[in-house]
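**Student:** Quick one: sequence and predicted model below, then my questions.
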Amino acid sequence: MPLYLNDDQQMLHDSAAEFMKGEAPVAHLREFRDKQCKDGFSHALWKQFAEMGFTGIMIGEDEGGLGLGHIEAGVVLEEIGRNLTPSPFLTTAVAGVEALNAGGKALRDKYFPGILAGETVLGLAIDEGAKHRPDQIGMAATREGNGFKLDGKKQFVVQGGSADMLIVAARTSGAAGDDKGLTLFAVDANAAGVSRDSARLVDSAMAAHVQFDGVTVDADAVIGEVDDGDTVLRRLLNAGRAGAAAETLGVGAGSMDITVDYIKGRSQFGELIGSFQALQHRISHLYSEMEIARAAVLKAQQMLDEGSSKADLMVSVAKAKAGKATSLSVKEGVQMHGGVGMTDEYDIGLYMKRDRALQEFMGDVNYHTNLVAEMHGY
Amino acid sequence: MSDLETFRAETAAWLEANCPPEMREPMTGEEDAVWGGRNATFKPGQKEWLDIMAAKGWTVPDWPKEYGGGGLSRAEAKILGQEMARLKCRSPLSSFGIWMLGPALLHFGTEAQKKHFLPPIARGEIRWCQGYSEPGSGSDLASLQTSAVDKGDHFLINGQKIWTSYADKADWIFCLTRTDKNEKHKGISFMLFDMTSEGVSTKPIVLISGQSAFCETFFDDVKVPKEYGEGVSSVVYEVNKGWDVAKYLLGHERSMISGGGSEGATSLGAKFADQVGRDEMGRLDDPMLRAQMAEMDIEVLAFRAMAERFGDTFKAGLCHPAQPNMMKYAGTEINKRRHELIMSAGGSEVLEWESDATNGGMTARSWLRTKANSIEGGTSEVMLNVISKQILRLPGA
Ligand SMILES: Cc1cc2nc3c(=O)[nH]c(=O)nc-3n(C[C@H](O)[C@H](O)[C@H](O)COP(=O)(O)OP(=O)(O)OC[C@H]3O[C@@H](n4cnc5c(N)ncnc54)[C@H](O)[C@@H]3O)c2cc1C
Ligand SMILES: Cc1cc2nc3c(=O)[nH]c(=O)nc-3n(C[C@H](O)[C@H](O)[C@H](O)COP(=O)(O)OP(=O)(O)OC[C@H]3O[C@@H](n4cnc5c(N)ncnc54)[C@H](O)[C@@H]3O)c2cc1C
């Protein structure tokens, strides 16, 4: 497969670009932020996502979706990133759906219709500390009756406060650090014993600290196999990481574009500042980093879609490289805007804040760099 | 099986059966590259491998068959490359003719020029060098002064070139000359002539690596015939339109030099961990070096994806024409950093300049040689200028 979008993917790209720019540009994020909206995203917009077919991208055709893959999800995510569009798309329609795809039919029948309709929101309850450490999951799920009892705490559950269902990774055996013994559960977010404490993040998104106190679920809630949650978790993480890389790429590309525009129009010393070689070289370097990141992200998505055995490696490469390029983009963006780059009125700062949150989501540059070393055996 | 899968299987089987074992060992130095030419010398296996690949047209798999190529589609050529890499087959031929002149002739040459010049390039019979730079014209290449004066049936050439890689070993030169003094860009011609012509002389330049693959090249009343046969003009394209050819060729040169960025498909850490040492957890026991190597693995893998994407979009006509400048910039900067890390991994042991243990200081010499990557074929600063102007459309400069 060639490493660029085919005609169908390009069409999806064009409609996603038009939709995001028309319905949910940066002004939309500002509106929700300024209203202090409790969910941090628009439910009406989420319904429109469904009408566009976006929410069904990763759902099979026989189940009412489009039966497409990671590349197509990435096409939408890049536009989400470029417009800083707040939505539960990544957690619900990409990572969440990918996990459910690895589970049983009953769970899919239960949740897919709501996702397809833009009514259901999923939260990913994976991390327990400030940094992404899925290998350190310690939360306990003990057998009880025909089901399990969940006790423990999760944090950084993006859109956890408004989620209808939480995908929870917990230990059914072993201890934190063990390879095996994880199980994934689909837990009703309103179940007895679940308490959610949402906080607004630097990028105006909402994320919840979630406490599980003796939450009982029956065996039907298990996604995949008991004690073998690692398989499902890997699919969820790969989808989430590749997706986050695509969204990050969009943030970096959007921030670069507005910066290029800005320096083409701002004059100092009687010249357009974009004519100063000191700025030209830095932004051309940035352009080159963004192009490399773009190729890495597309390659990772392609390998996931092909089911390649080296997909894990390329997903880490993509998340790290997109993270590096985009953080350069937002830093140079604020600097090249000069004083106005520090003001709330200009958009560039919003890009910087979104990048910071995405960096932490599912592993930052250092985390994935370390994984690459491990996968290479050193 | 699809046609491409069949092609892959057959190619793999053919390579397995025909590639000599010596040509499947990693290269140990620059002398392991095969450059061909009239005065070529070969190590065991090299000539055999070159001839058998040339017979299939696989030294230039995607050139048309009538010019000595393999006539493969882009997809097939990609598969051939992948299978050669997988089986660790060395490249049968290193050649400026293949990387630079060939594409320019395919694009700008007459049918007679293509028939005359391309097949010997494909077979590795003629070794070419590039006469672009002059002492006063480096980054500002179009300011070049070497003159070619029309004398009826021939041109008379006078002037000096510099940095001519392998000029002392090359058979022929593709050379930029000034045919109109009153025009800067529109007074340049792209000419082909024999390095054994009377009046051509070369003098080696020793580099910081201690090697001297580079020369000053002098032209003293060199007579270059206008034609080497019916329709085989010594000037490519038209007189005074050589700058178009030169730029096109530079695009290919830059893509080629950028290849260094995807060199070393093998992870640096995987290669050097045992040599540097491992801690009790099996990790490379210098945490900062380990981190830098893992960062480099990411850079290289991401760059390889970009090179693949560039190849695909280039063939499909979907990439910006200045994209090779970006590739050149990024690839050469990565390659330089990669070699810094290789020196770090080697520690004091790779510092020995003239010992057998280091194969004559090979690691150190390679490290120093890479410093030219961001200079030769146009400097990094010049690449960034081109990106700013032609891709990002920034004002001025
Ligand atoms: C938080 C804050 C507090 C401030 N407090 C004060 C204050 O108390 N009093 C006061 O008077 N001012 C104050 N300033 C203003 C500050 O001094 C200016 O923002 C600063 O001088 C830059 O000018 P500018 O914002 O117009 O950016 P510009 O001059 O428009 O610069 C935009 C970008 O172009 C670059 N650039 C400009 N010219 C060149 C060149 N020739 N070559 C290369 N690059 C160039 C700049 O480095 C920058 O990256 C403050 C600014 C901030 C952000
Ligand atoms: C190993 C090696 C092999 C080579 N092989 C060949 C060959 O086979 N054939 C051939 O013809 N040539 C060859 N070259 C020459 C090469 O193309 C030139 O060295 C190169 O184009 C730079 O020119 P220069 O050395 O004159 O540097 P200069 O042009 O003098 O540049 C000096 C410095 O100034 C910077 N600079 C110049 N102009 C600008 C600008 N506008 N903006 C910002 N910075 C600028 C440069 O980036 C550089 O850092 C080779 C060079 C090397 C080192």
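**Tutor:** Received the coordinates, thanks. Ligands and ions are numbered 1, 2, ... in the order given.

**Student:** Quick check: the closest residue in space to A:Glu63 that isn't next to it in sequence vs A:Gly74, distance?
**Tutor:** Closest residue to A:Glu63 apart from its sequence neighbours, by CB to CB, 6 or more residues apart in numbering or on different chains: A:Phe112 at 5.4 Å. For glycine as for every other residue, the C-beta is placed from the backbone atoms N, C-alpha and C. From A:Phe112 across to A:Gly74, the span is 21 Å (CB to CB, to the nearest Å).

**Student:** doesn't A:Leu233 fall inside a helix?
**Tutor:** Yes. Note on A:Leu233: a helix contains this position according to DSSP: H, G, I helix; E, B strand; the rest coil.

**Student:** Just list whatever residues bridge to the closest residue to it other than its chain neighbours.
**Tutor:** The shortest distance from A:Leu233 to any non-neighbouring residue, by CB to CB, 6+ apart, is to A:Ala169 (5.7 Å). Judged by DSSP bridges, the bridge partners of A:Ala169 are A:Leu184.

**Student:** Could you pull up the contacting residues of the residue in the stretch 1-150 of chain B that ligand 1 sits nearest to?
**Tutor:** Closest residue of the stretch 1-150 of chain B to ligand 1, CB to the nearest ligand atom: B:Ser139 (21.1 Å). When the contact criterion is CB atoms under 8 Å, 6 or more residues apart in numbering or on different chains, the partners of B:Ser139 are B:378-379, B:381-382.

**Student:** and the residue nearest to A:Glu63, how many neighbours does it have?
**Tutor:** By other CB atoms under 10 Å in any protein chain shown, 22 other residues sit near A:Phe112.

**Student:** hang on, it packs against A:Asp62?
**Tutor:** No. If you go by CB atoms under 8 Å, A:Phe112 and A:Asp62 don't touch, sitting 10.8 Å apart.

**Student:** Next, name the residue at the spatial heart of chain B.
**Tutor:** Centroid-nearest residue in chain B: B:Met256, 4.7 Å away (criterion: CA atoms, centre = their mean).

**Student:** per-residue pLDDT, that one?
**Tutor:** Note on B:Met256: pLDDT of 75.

**Student:** To what extent is the residue nearest to it when sequence neighbours are not counted buried, counted in neighbours?
**Tutor:** In this structure, B:Met256 finds its nearest non-sequential neighbour in B:Trp99, 4.4 Å apart by CB to CB, 6+ apart. Number of residues near B:Trp99 (other CB under 10 Å) recorded here: 18.

**Student:** B:Glu66 too?
**Tutor:** Other residues close to B:Glu66 by other CB under 10 Å number 13.

**Student:** again with the one 5 residues further on
**Tutor:** Other residues near B:Gly71 come to 15 when the count uses other CB under 10 Å.

**Student:** surely it meets B:Pro64?
**Tutor:** Yes. Counting by CB under 8 Å, B:Pro64 is a contact partner of B:Gly71 at 5.8 Å.

**Student:** which residues touch stretch A:26-33?
**Tutor:** Residues outside stretch A:26-33 that contact it (CB under 8 Å, 6+ apart): A:40-42, A:45, A:83-86, A:204, A:347, A:350.

**Student:** mind listing what's buried in that stretch?
**Tutor:** A:26, A:28-30, A:32-33 (16 or more other CB atoms under 10 Å in any protein chain shown).

**Student:** List the contacts of the residue nearest to B:Met256.
**Tutor:** The contact partners of B:Trp99, by CB under 8 Å, 6+ apart, come to B:252-253, B:256.

**Student:** Roughly how far does it sit from ligand 2?
**Tutor:** Computed as CB to the nearest ligand atom, to the nearest Å, the B:Trp99 to ligand 2 distance reads 11 Å.

**Student:** Now do the phi/psi pair for the closest residue to ligand 1 within the stretch 101-250 of chain A.
**Tutor:** Relative to ligand 1, the nearest point of the stretch 101-250 of chain A is A:Val202 (18.3 Å; CB to the nearest ligand atom). Dihedral angles phi and psi of A:Val202 (degrees, to the nearest 10) take the values phi -60, psi -30.

**Student:** Model confidence at it, what's the number?
**Tutor:** What the model reports as pLDDT for A:Val202 is 96.

**Student:** tell me the secondary structure for the nearest residue to it once chain neighbours are set aside?
**Tutor:** Distances taken as CB to CB, 6+ apart put A:Lys353 closest to A:Val202, at 4.8 Å, once the chain neighbours are dropped. The local conformation at A:Lys353, judged by three-state DSSP, is helix.

**Student:** just the one 4 residues further on next, same as before
**Tutor:** Under the three-state scheme (three-state DSSP), the conformation of A:Ala357 reads as helix.

**Student:** contacting residues for it?
**Tutor:** Residues near A:Ala357 by CB under 8 Å, 6+ apart: A:201-203, A:205.

**Student:** Show me the two of these that sit farthest apart.
**Tutor:** Farthest apart among the contacts of A:Ala357 by CB to CB are A:Val202 and A:Ala205. That separation is 8.7 Å.

**Student:** Which one of these two is surrounded by more residues?
**Tutor:** A direct count of neighbours by other CB under 10 Å for A:Val202 and A:Ala205 places A:Ala205 higher, at 25 against 12.

**Student:** which intervals of chain B have sub-threshold pLDDT?
**Tutor:** B:1, B:259-265, B:397 (pLDDT under 70).

**Student:** Determine the longest helix present in it.
**Tutor:** Counting by DSSP state H, the longest helix found in chain B is helix B:287-315.

**Student:** chain center to it, what's the gap?
**Tutor:** 20 Å (CA atoms, centre = their mean, to the nearest Å).
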